[in-house]
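> return a 3D structure for these sequence lines:
(2 chains)
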Amino acid sequence: MKHSPSRLALFVAGALVTASAPAHSETSDPITAMLGAVRTVFQSTWDFISAPLSLSDDTIDTVTPATPMAIVHSLHNTKDSHFWGDISDAGYDLAEIDTTVGIIPDVKLVFQSVRELSEADRDALERKLEIEEMRDKGVLPKVQRQIIRTLLEASDVSEMRIGKLEIGILPLPSATFTMEPRDAPLTSEHDALYRAIIAKTRKKPAPDPAVPPAPTAEAPATD
Amino acid sequence: MVLTAGVLAATPNAGQDGKSSPQPLTGGPIVGAGESGVAPAAAATDRDQMVIVGSSTVYPFLRAAIQRLQRSYVLPAPIIDAVGTTAGIKLFCAGIGAEFPDVVAASRGMQKSEFDTCIEHHVLDVIEVKIGQTAFALVVKKGSPVFNMTARTIYLALAAEIPEDGEFAPNPFTTWRQIDKDAPPLPINVIIPTAGSGQRTFFDDNFMQGGCRHVKEIDAIFAAIDRVPKCVTLRKDGHVTQINESTDPASYGELLLRDLEKAPLGTIGLTALPLYLDNSDKLDLLPIGGVLPSHDTIASFDYPMTSDLRLYFKRAHMRNNEGRGVVRGLRELMGELVSDDATGEGGYFEALGAVSYDDEMKAEIRKTVRTLRRFKR
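Residues are numbered from 1 along each chain as shown, chains lettered A, B, ... in the order given. Take a look at the predicted model:
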C-alpha cells in the first residue's frame, strides 16, 4: 500500500494551492470558492489523521510534523482513541518513527510484531473491536478497526505473518503491511547471533550427573 | 451426565391440543423453513432423537426452548449430554452421521483449532446460533467480605509462577491483601471447574490470560505456545479447588454451592450468572473492575466477563426438502431459539438470566438461521 506517484502529485498540488490561499477567503468568485473547498478538504484530512494523536491543528503543524517525542507521548494517551492499545493487543509494538520536515511533511510510525497471538488473545481483541464498533461508529475509528482486523486476519494465515506495520500519518493516512513467511530464512545478523549461541553452548557442555565433578582445588590437609 | 429434556407429545404430527398440523413458531419464515409441516415417515431419518452435547451453562435455556417446541411439534425427546463445551465440541466435530451429535451447546465461541478439526472430519456446514449473553461471575458465600477483583488479581493469586524482577518465581501470595491492599487479609481460595468445561475455558482465557496480558515478563515471550502456559498453569499448593462435574452426578453449580458453604471466608467461586440469580440468598457477587454484573452492565458491555451463549448445528444432519436426513427437528429448534418469545426483551431466556441482543443483532442472527449461513472462523 505504497503511495502512488499520481496520488502524491495530486496531494502536492492540493497542498500548494491550499498554502497559497488566503486564510479567510471570500467565496465571491469560482476560483476562490474552489480554493476554499480544497482548504476544507485539507483541513478535514488533517483532522482525520491528527485526531488519534491529539496533535495541534495549527496551520504551521500541517507542514511541520510533530516531534517524535510528542508522538510517543500521544501514543500513551489512549483516552481519545483505542487504536494504539488495540495495536498493542494485536501483538505489535512501536519500533521506529520516521519523520521528514518540509512543505510536504512525512511521518510514519513503524510497528513490529513482538508477540504471537494466542486464541484467547485473538478472541479478546475481536470482542473488544465488536464492542468498540457498537460504541463508536465514526469514520476514523472504523478505519482504525479495519487496520486491526487486517492484522488479525493476517495472523490467521499459517504460512505468513505481518512482520512490519507502517502507519503513515502524513502526508496522507495510510497503513502498509509487510508480510513475511513465518519460517523465513535467518538474516545475516540473526544467523551470526544464532551461530554464536550454538558455539557458546558447545563450549560448555552440560555436566553429566553420572560423573562426579572434578575437584577444583586440592582439599586442605587435615590433621 | 446424560439428561433427557422433558416429555414430548407421543402422537406424531399433532400438537398438545390434538390438532393435526403443527403451530408455527414466531419468527415467520425462519421456522420450519424448507421442512414440510407434515412429519415424514420415521424411516426417512437415520435417527429418531436429536443428540445434543456440550455446556451445562446453556442447558437451562435449551431445556426451556425444547419445552416450548414440544407444544407445537411432535418430536422424540432429545438426548442431551452435558459433557462441557470443550468435550462437546470435540464430539460434535468428530464426524457426520447418525453416530455423531447434531448440536453442541457452547458457553464460548468455537476456537479456530476446534473448527479446523471439524473441517478435517468433513463437518463443513456448521451454523452458529447465538441466543443471548451471559456473564461469568465471582461469588462468595453470604457473610464473606465483598471486595473488588480484577483479572490481574486472579492471575497473581492463582498462577503457579509469577514474574519477579524479570524472572519467574513460584507464587508467594497466600492472602488477598498481599496482592491488593484494599482486599481483606483472608487466605486465597478459589473454586473453579476442571478443564473441559466451557466455564473453565472462559476462566483460563479471560481471567488468567486476560490478567497476564501486558505483564512485561509475559509480553517478552514471543511464541504463544510458550507464553500461554505461563499464564494458565495453576498453582498446586492448595489454593485452588477444581470441581470435576463429569465424575459427579451433581452439576457444577450444586457442587460449587456445597463447597462454598463449607469453605472458609474469602473463598471465591466462579459461576455463570444464572446460578447466582437462583441462589442470591446464599451468595454475594464480587465486582470485577468495580462493576457488578447486572442486566444493564452486561447489555452495555461495562461488565467485562461476558460471553455469548451459542449452539452449533450441523447442516448435514438436517432433513432435505424430501424429508431425508439424519434427524428431524433441527430447524424447528433453531427457529424456537431465535424466536421473540425466547430472545426478545422480557423473553423466557431473560427470565433464565440471559441478556438479549439489540434489534440489529437479533435480525442478523435470524438471517443466519433463515439462510443457514455457514459459520466461519
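> which residues does residue B:286 bridge with?
For residue B:286, the beta-bridge partners under DSSP bridges are residue B:138.
> up against chain B, what does chain A have?
Residues of chain A lying close to chain B by CB under 8 Å from any CB of the partner chain are A:88-89, A:114-124, A:131, A:134-135, A:156. Backbone N, C-alpha and C define where each C-beta goes, glycine included.
> got a list of what residue B:168 touches?
B:161-162, B:217, B:230 (CB atoms under 8 Å, 6 or more residues apart in numbering or on different chains).
> and of the residues you listed, the nearest to chain A?
residue B:230 (11.0 Å; CB to the nearest CB).
> want to throw the contacts of residue B:168 into TSV with neighbour count and distance to chain A?
Output for the contacts of residue B:168, formatted as TSV (neighbours: other CB atoms under 10 Å in any protein chain shown; distance: CB to the nearest CB, whole Å):
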residue	neighbour count	distance to chain A
B:161	16	17
B:162	22	18
B:217	17	12
B:230	20	11
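> where does the stretch 101-250 of chain B dip in pLDDT?
Counting by pLDDT under 70, the stretch 101-250 of chain B shows low-confidence ranges at B:245-250.
> thinking again about what came up before, mind checking which of the residues of chain A next to chain B land in helices?
Judged by DSSP state H, the residues of chain A next to chain B include A:88-89, A:119-124, A:131, A:134-135 as members of helices.
> next, see if stretch B:83-99 gets close to chain A.
No - Stretch B:83-99 does not reach chain A (CB under 8 Å from any CB); its nearest approach is 12.2 Å.
> state the mean pLDDT of that stretch.
Per-region confidence: stretch B:83-99 scores 90 on mean pLDDT.
> over to stretch B:332-345?
Mean predicted lDDT for stretch B:332-345 stands at 92.
> got the CA coordinates for it in PDB?
Extracted in PDB, the C-alpha atoms of stretch B:332-345 (Å, rounded to 0.1, in the frame of the first residue of the first chain):
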ATOM      1  CA  GLU B 332     -37.600 -26.100  14.300                       C
ATOM      2  CA  LEU B 333     -35.200 -25.900  17.300                       C
ATOM      3  CA  MET B 334     -33.200 -23.200  15.600                       C
ATOM      4  CA  GLY B 335     -36.400 -21.300  15.000                       C
ATOM      5  CA  GLU B 336     -37.500 -21.500  18.500                       C
ATOM      6  CA  LEU B 337     -34.100 -20.400  19.900                       C
ATOM      7  CA  VAL B 338     -34.300 -17.200  17.900                       C
ATOM      8  CA  SER B 339     -38.000 -16.500  18.300                       C
ATOM      9  CA  ASP B 340     -39.200 -13.400  20.000                       C
ATOM     10  CA  ASP B 341     -40.700 -15.400  22.800                       C
ATOM     11  CA  ALA B 342     -37.300 -16.700  23.700                       C
ATOM     12  CA  THR B 343     -34.800 -14.000  22.900                       C
ATOM     13  CA  GLY B 344     -36.900 -10.900  22.900                       C
ATOM     14  CA  GLU B 345     -36.900  -8.300  25.600                       C
END
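> neighbours around residue A:188, how many?
7 (other CB atoms under 10 Å in any protein chain shown).
> give me the phi and psi for it.
Residue A:188 adopts backbone torsions of phi -60, psi -40, taken as degrees, to the nearest 10.
> any idea of the pLDDT on it?
Per-residue confidence (pLDDT) for residue A:188: 81.
> from chain B, how far out is it?
Distance, residue A:188 to chain B, by CB to the nearest CB, to the nearest Å: 21 Å.
> returning to that earlier point: which among the residues of chain A next to chain B count as buried?
Neighbour-count burial within the residues of chain A next to chain B applies to A:88-89, A:115-124, A:131; the criterion is 16 or more other CB atoms under 10 Å in any protein chain shown.
> how about the ones in helices among the residues of chain A next to chain B, which pair is most distant?
Pairwise distances across these (CB to CB) peak at 24.6 Å, for the pair A:119 and A:135.
> I'd like the distance from residue B:267 to chain A, if you could.
Taken as CB to the nearest CB, the span from residue B:267 to chain A is 26 Å.
> mind listing what that residue touches?
Residue B:267 is in contact with B:140-141, B:144, B:189-191, B:260, counting by CB under 8 Å, 6+ apart.
> also residue B:62?
B:5, B:52, B:80, B:105, B:311.
> let's go with 6 Å and repeat that
residue B:105 (CB atoms under 6 Å, 6 or more residues apart in numbering or on different chains).
> before we move on, back to that, could you export the contacts of residue B:168 as CSV, including secondary structure?
Compiled in CSV, these are given as follows (DSSP: H, G, I helix; E, B strand; the rest coil):
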residue, secondary structure
B:161, strand
B:162, strand
B:217, helix
B:230, helix
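> fine by me, thanks again.
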